[in-house]
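Participant: need coordinates for the below:
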Amino acid sequence: MEKQWYVIQLIAGSETTVKAEILKRIEERNMQNLFGEILIPQAKTINFFSSEQEKMEQLFPGYMIVSLVPMPETFRLISTVQRVYRFLGGENPLALTKDEVDSILEKVTGKVVLENKEKVFFTGTEVEITAGPFSGFSGIIQSVDDTKQRLIVTVSIFGRSTPVEILFDQVKL
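Facilitator: Numbers count the residues shown, from 1 in each chain. Below is the predicted model of the structure:
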């Protein structure tokens with residue numbers, strides 16, 4: 001039988017401990033030929049807007065993927081490890097498709113770039129106010145202060161154009 005990839009749900013933060021225990025059990029039971037890789041999906045991330053430039057970050061906290069020959073003995077070996085909740089699919093574990101495995105492996109071997117979450121605003125652009133006392137109003141941007149992350153937006157209040165100061169995170173484009 002051919003090995004397939006399965007997802008294991010476990011207590012978040014215990015991925016390394018669980019992986020070590022699984023590897024120990026595989027060796028004790030001499031089942032190396034029934035198991036392939038055991039991955040804790042992590043990727044090296046780069047944040048250009050932080051002093052901490054590169055770090056390893058878990059892609060799916062509380063989950064691991066394991067390559068194994070699907071048979072009751074292999075499922076039981078993993079299911080009985082402390083801190084393991086279950087296989088995805090429950091009593092009938094679902095194998096990942098080749099596309100799903102390729103997507104995960106691509107992320108694990110590549111670098112994921114954390115994007116700048118800052119919004120870019122231009123004068124004359126219409127925005128919708130989503131928070132604060134003017135929530136629900138729409139208006140036109142009159143000025144942008146990038147350093148303070150504030151906008152002056154002209155809104156119509158009681159039929160009059162009124163400039164209001166709004167934070168970047170209180171509007172959507």
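
Participant: next, count neighbours for residue 79.
Facilitator: 15 (other C-beta atoms under 10 Å). All C-beta spots, glycine's among them, are computed from the backbone N, C-alpha and C.

Participant: roughly how far apart are it and residue 150?
Facilitator: 54 Å (C-beta to C-beta, to the nearest Å).

Participant: what's the answer for residue 165, then?
Facilitator: 6 Å.

Participant: and residue 166, by the same measure?
Facilitator: In terms of C-beta to C-beta, residue 166 sits 7 Å off from residue 150.

Participant: looking at those two, which has the bigger crowd around it?
Facilitator: The residue with more neighbours, out of residue 166 and residue 150 and counting by other C-beta under 10 Å, is residue 166; that gives 23 against 16.

Participant: who is that one paired with across the strands?
Facilitator: residue 151 (DSSP bridges).

Participant: ok, it - contacts?
Facilitator: 127, 129, 132, 134, 150-153 (C-beta atoms under 8 Å, 6 or more residues apart in numbering).

Participant: per-residue pLDDT of it, please?
Facilitator: Residue 166 carries a pLDDT score of 87 in this model.

Participant: wait, residue 73 sits on residue 31?
Facilitator: Yes: with contact defined as C-beta atoms under 8 Å, residue 73 reaches residue 31; the gap is 7.3 Å.

Participant: these two: who's more crowded?
Facilitator: Set residue 73 next to residue 31 and count neighbours by other C-beta under 10 Å: residue 31 wins out with 15 against 11.

Participant: tell me how far that one lies from residue 156.
Facilitator: 71 Å.

Participant: repeat that for residue 126.
Facilitator: For residue 126, the distance to residue 156 - C-beta to C-beta - is 12 Å.

Participant: list residues touching both of the two?
Facilitator: Joint contacts of residue 126 and residue 156 (C-beta under 8 Å, 6+ apart) are residue 139.

Participant: sorry, back to before: export the contacts of residue 166 to a markdown table and tack on distance to residue 7?
Facilitator: Putting these into a markdown table (distance: C-beta to C-beta, whole Å) gives the following:
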| residue | distance to residue 7 |
| --- | --- |
| 127 | 41 |
| 129 | 41 |
| 132 | 42 |
| 134 | 45 |
| 150 | 44 |
| 151 | 44 |
| 152 | 49 |
| 153 | 46 |
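
Participant: could the residues you listed go into TSV alongside pLDDT?
Facilitator: Converted to TSV, the contacts of residue 166 look like this (pLDDT from 0 to 100):
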residue	pLDDT
127	87
129	86
132	79
134	80
150	86
151	89
152	91
153	91
